[in-house]
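Asks: Turn this into a model:
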Amino acid sequence: MIIEMLIFLVTLLIVYCIYVHKSIHYLYKKRGIKYIPGVPIFGNALKSTFRKKHFVEDIDAVYKKFPDERYIGYTQGTTPIILIRDPEIIKSITVKDFDHFVDHRQFLSEDVEPLIGSSLFFMKGDKWRDMRTTLSPAFTGSKMRLMMPFMTEISESMVEYLKDYALEDIDVCDLMRRYSNDVIASCAFGCQVNSVKDKENEFYKTGQSLFEMTTLQRTKLILSMYFPSLAKNLGLKVFKEKDISFFQNLVKDTMEYREKNNIERPDMIQLLKQASQVFIFFFAGFETSATTLSMTIHELAVNPLVQEKLYEEIKIFQETKGKLLYENINDLKYLDCVINETLRKWSPALIMDRVCTKPYELPPPREGGKPTKLNPGDYVYNMVNSIHLDPKHYPEPDVFQPERFSEENKHEIKPFTFTPFGIGPRTCIGTRFAILEIKVLIYNIVLNFKILKCEKTTDPILLQPHEFNISALGGTWVKLEARTQQ
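Replies: Numbers count the residues shown, from 1 in each chain. Purely as a prediction, here's the structure:
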């Protein structure tokens, strides 16, 4: 009897998914939107669901299929989504008509995952506006100036550590996660850890546990993304309770200790007092900063001419200005170019997702087409990586060419075609912090070491299949040769 019931339920689910799949096709056809049919249950995300491709590569396949369309249909699981390809429409959605698209898609319910679901990223409407206003003072230039010494100290400590491993194969991804971990521990949580020496410290282990999901956790996450109502009804929790509790208790204990002992430290926990906001800062900042650092170092290893040009700038800077400070770090113009080019090729943003919150009319998807009416609850994905790699916007997009962002050339970059941290009112609140921690470490590594390819260094760089995180297939491995200081 139980077996028959299971067969019946599975059959019912399959029939339902096929029905929904056909309904989505009908919706696209009715609206005159071009699309790739995909498959029931998985839609256009079959390969990335089973880690045969990266999530962004599944999206990019649909993006490239219709090069002359302003927007197209994409099906993620059983959810219809409109992919916006046109920079002018992206401008309208993210800035001009932002009031119609205030919210992110919430695939992790606050009822089930309160620490994630109640964070700034998933907050909606006026609640989001109020929290954004409350948190913004934590990310001003004056706050970054106070936190830069923490970054510098951690960076210099890492350089000293690396001197003992010159000309050995270095696992850059692991190293960058440890740096990013220590920076966030210090600047956001007020904790001092050294993850390159104390490799098994609790802060780092807990952070890794959040990102290294088990098969069961991945399944729960996919269900939450593809079938949010079902996941909510089932009460599916993606993250381990002990990991969530660690960060909750850390914030609580730190604040209590400081209040009791009248301690003030110029870090973010003073303002990010709610556990959910400190946690999302860790969750959003840990992997994305580590990713950008890893991919920058990888690109410098396989592009030695770019690396030498960057080294010459850094060497002259050190000779003329001495110490790297918040007041002079922006004088390193080529460093800016290198980081921006990394963010163009390997942006951790992937997409800018938005939910329609008020009825809206998109212009026709093509000449001669008809406008598309969006209703509250409809999803749009404003493209990031696909636009960054579109030869229409960036000639020879696979070539690592920092000069694209030079003072002489950056005027050629079309507005809304470079959005690695998003754009508009919901742009990443931690952008200034992320760029600063990346600059500080790249400056110190290039100043002290020549980054060399080793046998494990992949060239060209290909993407590791994953749902979200950007990393090189096979990892990022290099050798570091100590520079002789003049």
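
Asks: What segments of the stretch 101-250 of the chain are strands?
Replies: 170-171 (DSSP state E, counting those that start in this stretch).

Asks: can you give me the helices in it?
Replies: In the stretch 101-250 of the chain, the helices defined using DSSP state H, counting those that start in this stretch lie at 114-117, 125-135, 141-162, 172-187, 202-211, 215-226, 228-234, 241-261.

Asks: and of those, who's closest to Y71?
Replies: Proximity to Y71 (Cβ to Cβ) singles out helix 215-226 among those, at 21.1 Å. C-beta here means a position set from N, CA and C on the backbone, and glycine is covered the same way.

Asks: What residues of the closest one count as buried?
Replies: If you call a residue buried by 16 or more other Cβ atoms under 10 Å, then helix 215-226 has these buried ones: Q217, K220, L221, I222, L223, S224, M225, Y226.

Asks: deepest of the helices of the stretch 101-250 of the chain, which one?
Replies: Sort these by mean neighbour count, taking mean count of other Cβ atoms under 10 Å, and helix 172-187 sits at the top with a mean of 24.

Asks: the inter-axis angle of it versus helix 241-261?
Replies: Going by axes from the mean of the first three to the mean of the last three Cα atoms, to 10 degrees, helix 172-187 is angled at 30 degrees with respect to helix 241-261.

Asks: and S294, how many neighbours?
Replies: Using other Cβ atoms under 10 Å, S294 is surrounded by 26 other residues.

Asks: How about R354?
Replies: R354: 25 neighbours (other Cβ under 10 Å).

Asks: Report pLDDT for it.
Replies: The model reports R354 with a pLDDT of 97.

Asks: now do L480
Replies: The model's pLDDT for L480 equals 97.

Asks: Hmm, it is touching K453, no?
Replies: No: at 11.4 Å, L480 does not count as touching K453 under the criterion of Cβ atoms under 8 Å.

Asks: Between the two, tell me which one has more neighbours.
Replies: Using other Cβ under 10 Å, the more surrounded residue of L480 and K453 is L480, with 24 against 15.

Asks: That one looks like it's in a helix, true?
Replies: No: going by DSSP: H, G, I helix; E, B strand; the rest coil, the assignment for L480 is strand, not a helix.

Asks: any idea how far it is from T254?
Replies: Computed as Cβ to Cβ, to the nearest Å, the L480 to T254 distance reads 35 Å.

Asks: Also P364?
Replies: With Cβ to Cβ as the criterion, P364 and T254 are 54 Å apart.

Asks: How many residues are close by the residue nearest to V355 when sequence neighbours are not counted?
Replies: Of all residues not flanking V355 in the chain, D103 sits nearest, at 4.4 Å (Cβ to Cβ, 6 or more residues apart in numbering). For D103, the neighbour count with other Cβ under 10 Å is 18.

Asks: Equivalent analysis for K91, please.
Replies: The tally of other residues near K91 (other Cβ under 10 Å) stands at 16.

Asks: got the contact list for the nearest residue to it once chain neighbours are set aside?
Replies: The spatially closest residue to K91, leaving aside those adjacent along the chain, is F416, at 4.9 Å (Cβ to Cβ, 6+ apart). Listed by Cβ atoms under 8 Å, 6 or more residues apart in numbering, the contact set of F416 reads P87, E88, I90, K91, T94, I423.

Asks: looking at these, which has the most residues close by?
Replies: Neighbour max across these (other Cβ under 10 Å) = I90, 25 neighbours.

Asks: ok, and what's touching the helix or strand containing it?
Replies: Applying DSSP states H and E as the criterion places I90 in helix 87-91. Helix 87-91 is contacted from outside by 70-71, 84, 352, 362-363, 382-383, 387, 393, 414-417, 419, 423, using Cβ under 8 Å, 6+ apart.

Asks: Filter those down to just the ones in helices.
Replies: Among the contacts of helix 87-91, the residues falling in helices (DSSP state H) are I387.

Asks: which one of the contacts of helix 87-91 has the most neighbours?
Replies: Within these, most neighbours by other Cβ under 10 Å means N382, with 28 neighbours.

Asks: For the residue nearest to it when sequence neighbours are not counted, which residues are in contact?
Replies: Counting by Cβ to Cβ, 6+ apart, N382 lies nearest to M352, which is 4.0 Å off, once chain neighbours are set aside. Contacts for M352 were tallied using Cβ under 8 Å, 6+ apart; they are I90, T94, Y381, N382, M383, V384, T419, G422, I423, R426.

Asks: Next one: M352 from V384, what distance?
Replies: Shown here: M352 relative to V384, a distance of 6 Å by Cβ to Cβ.

Asks: so what sits against both of these two?
Replies: Common neighbours of M352 and V384, using Cβ under 8 Å, 6+ apart, are T419, G422.

Asks: Assess the claim that D331 and L324 are in contact.
Replies: No: under the criterion of Cβ under 8 Å, D331 makes no contact with L324, lying 9.8 Å away.

Asks: What helix or strand is Y74 located in?
Replies: Using DSSP H and E, Y74 maps to strand 71-76.

Asks: What lies in contact with that strand?
Replies: Strand 71-76 is contacted by residues 21, 24, 28, 33-35, 38, 43-45, 59, 62-63, 65-66, 80-86, 89, 225-226, 362, 365, 372, 380-381 when judged by Cβ under 8 Å, 6+ apart.

Asks: Where does the prediction get shaky in the protein?
Replies: 1-2, 4-19, 21, 270-280, 485-486 (pLDDT under 70).

Asks: residue closest to the middle of it?
Replies: Computing the C-alpha centroid of the chain and ranking residues by Cα atoms, centre = their mean puts P348 first, at 3.5 Å.

Asks: Same question for that one, what's its three-state structure.
Replies: P348 falls in the coil class when you classify it by three-state DSSP.

Asks: coming back round to it: and the residue nearest to K91, how far from G117?
Replies: 29 Å.

Asks: repeat for R344
Replies: 32 Å.

Asks: Check N201 too.
Replies: 28 Å.

Asks: got it, and F139?
Replies: 22 Å.

Asks: Same question for L221.
Replies: 13 Å.

Asks: And for D182?
Replies: To G117, D182 is 28 Å away according to Cβ to Cβ.

Asks: likewise N448?
Replies: The gap separating N448 from G117 is 43 Å, by Cβ to Cβ.

Asks: do the same with G475
Replies: For G475 relative to G117 (Cβ to Cβ), the value is 32 Å.

Asks: again, but for V380
Replies: Counting by Cβ to Cβ, the separation of V380 from G117 is 21 Å.

Asks: just R432 next, same as before
Replies: Taking Cβ to Cβ, one finds R432 at 26 Å from G117.

Asks: can you check N375 too?
Replies: Distance, N375 to G117, by Cβ to Cβ: 24 Å.
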